[in-house]
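>>> everything below, folded, please.
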Amino acid sequence: MLTLKLVRHGQSRANVKEVDPKAVGDHTIELTDTGWAQARQVGESFGPEFLADAIIYTSPYARTRQTLAGILEGGGVSADSVRIY
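Below you'll find the predicted structure:
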(Lines give C-alpha, C1' and ligand atoms only; values in the text may rest on other atoms or scores of the structure.)
Protein backbone atom coordinates (compact mmCIF):
# COMPACT_ATOMS: atom_id res chain seq x y z
CA MET A 1 0.00 0.00 0.00
CA LEU A 2 1.22 3.48 -0.85
CA THR A 3 0.65 6.37 1.55
CA LEU A 4 1.15 9.96 0.45
CA LYS A 5 1.44 12.67 3.09
CA LEU A 6 1.76 16.32 2.15
CA VAL A 7 3.04 18.82 4.70
CA ARG A 8 3.01 22.57 4.37
CA HIS A 9 5.88 24.40 6.02
CA GLY A 10 5.47 25.54 9.61
CA GLN A 11 4.65 29.09 10.57
CA SER A 12 7.17 31.40 8.97
CA ARG A 13 8.34 34.87 9.91
CA ALA A 14 6.42 36.21 6.89
CA ASN A 15 3.22 34.54 8.13
CA VAL A 16 3.35 36.70 11.26
CA LYS A 17 4.50 39.80 9.38
CA GLU A 18 7.98 39.89 10.98
CA VAL A 19 9.61 40.20 7.57
CA ASP A 20 8.56 41.30 4.12
CA PRO A 21 9.33 38.63 1.48
CA LYS A 22 9.75 41.33 -1.16
CA ALA A 23 12.44 43.02 0.93
CA VAL A 24 14.50 39.96 1.90
CA GLY A 25 13.70 37.37 -0.77
CA ASP A 26 10.94 34.81 -0.28
CA HIS A 27 13.38 31.88 -0.36
CA THR A 28 15.24 33.19 2.72
CA ILE A 29 12.25 33.39 5.09
CA GLU A 30 12.77 31.21 8.15
CA LEU A 31 10.41 29.57 10.63
CA THR A 32 9.25 31.12 13.87
CA ASP A 33 9.64 29.22 17.15
CA THR A 34 6.01 28.17 16.68
CA GLY A 35 6.85 26.88 13.19
CA TRP A 36 9.67 24.75 14.58
CA ALA A 37 7.33 23.34 17.24
CA GLN A 38 4.70 22.57 14.57
CA ALA A 39 7.28 20.70 12.50
CA ARG A 40 8.50 18.63 15.46
CA GLN A 41 4.88 17.78 16.32
CA VAL A 42 4.30 16.49 12.78
CA GLY A 43 7.42 14.35 13.08
CA GLU A 44 6.19 12.91 16.35
CA SER A 45 2.83 12.05 14.77
CA PHE A 46 4.48 10.40 11.74
CA GLY A 47 6.88 8.39 13.89
CA PRO A 48 10.26 6.91 13.02
CA GLU A 49 8.85 3.86 11.22
CA PHE A 50 7.01 5.96 8.65
CA LEU A 51 9.87 8.43 8.18
CA ALA A 52 12.55 5.75 7.83
CA ASP A 53 10.74 4.25 4.84
CA ALA A 54 9.67 7.56 3.30
CA ILE A 55 10.86 9.18 0.10
CA ILE A 56 10.94 12.89 0.92
CA TYR A 57 10.72 15.80 -1.50
CA THR A 58 11.37 19.36 -0.35
CA SER A 59 11.98 22.71 -1.96
CA PRO A 60 15.22 24.63 -1.41
CA TYR A 61 13.41 27.41 0.49
CA ALA A 62 14.73 27.97 4.03
CA ARG A 63 11.35 27.46 5.72
CA THR A 64 10.75 24.12 3.99
CA ARG A 65 14.24 22.85 4.83
CA GLN A 66 13.72 23.90 8.44
CA THR A 67 10.31 22.23 8.51
CA LEU A 68 11.87 19.00 7.29
CA ALA A 69 14.63 19.26 9.91
CA GLY A 70 11.98 19.70 12.61
CA ILE A 71 9.94 16.77 11.31
CA LEU A 72 12.98 14.50 11.36
CA GLU A 73 13.94 15.71 14.83
CA GLY A 74 10.42 15.14 16.13
CA GLY A 75 10.34 11.70 14.55
CA GLY A 76 13.72 10.76 15.98
CA VAL A 77 15.26 10.17 12.55
CA SER A 78 18.55 11.53 11.20
CA ALA A 79 18.63 13.22 7.79
CA ASP A 80 21.26 10.80 6.48
CA SER A 81 19.00 7.81 7.17
CA VAL A 82 16.19 8.95 4.82
CA ARG A 83 15.92 9.65 1.11
CA ILE A 84 15.56 13.39 0.52
CA TYR A 85 15.13 14.94 -2.90
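>>> check which helix or strand the residue nearest the centre of the chain maps to.
Nearest to the centroid of the C-alpha atoms of the chain, with distances taken as C-alpha atoms, centre = their mean, sits T67, at 1.8 Å. Using DSSP states H and E, T67 sits within helix 62-75.
>>> coming back round to it: confirm for me that the residue nearest to the centre of the chain is in contact with R40.
No: T67 lies out of contact with R40 (C-beta atoms under 8 Å); the separation is 9.8 Å. Using the backbone N, CA and C atoms, a C-beta is placed for each residue, glycine as well.
>>> show me where this structure has helices.
21-24, 33-52, 62-75 (DSSP state H).
>>> pass me the low-pLDDT residue ranges in the chain, would you?
Scanning the chain for pLDDT under 70 picks out nothing.
>>> against G76, how distant is the closest residue to G35 other than its chain neighbours?
Leaving aside its sequence neighbours, G35 sits nearest to G10 (C-beta to C-beta, 6 or more residues apart in numbering; 3.0 Å). To G76, G10 is 18 Å away according to C-beta to C-beta, to the nearest Å.
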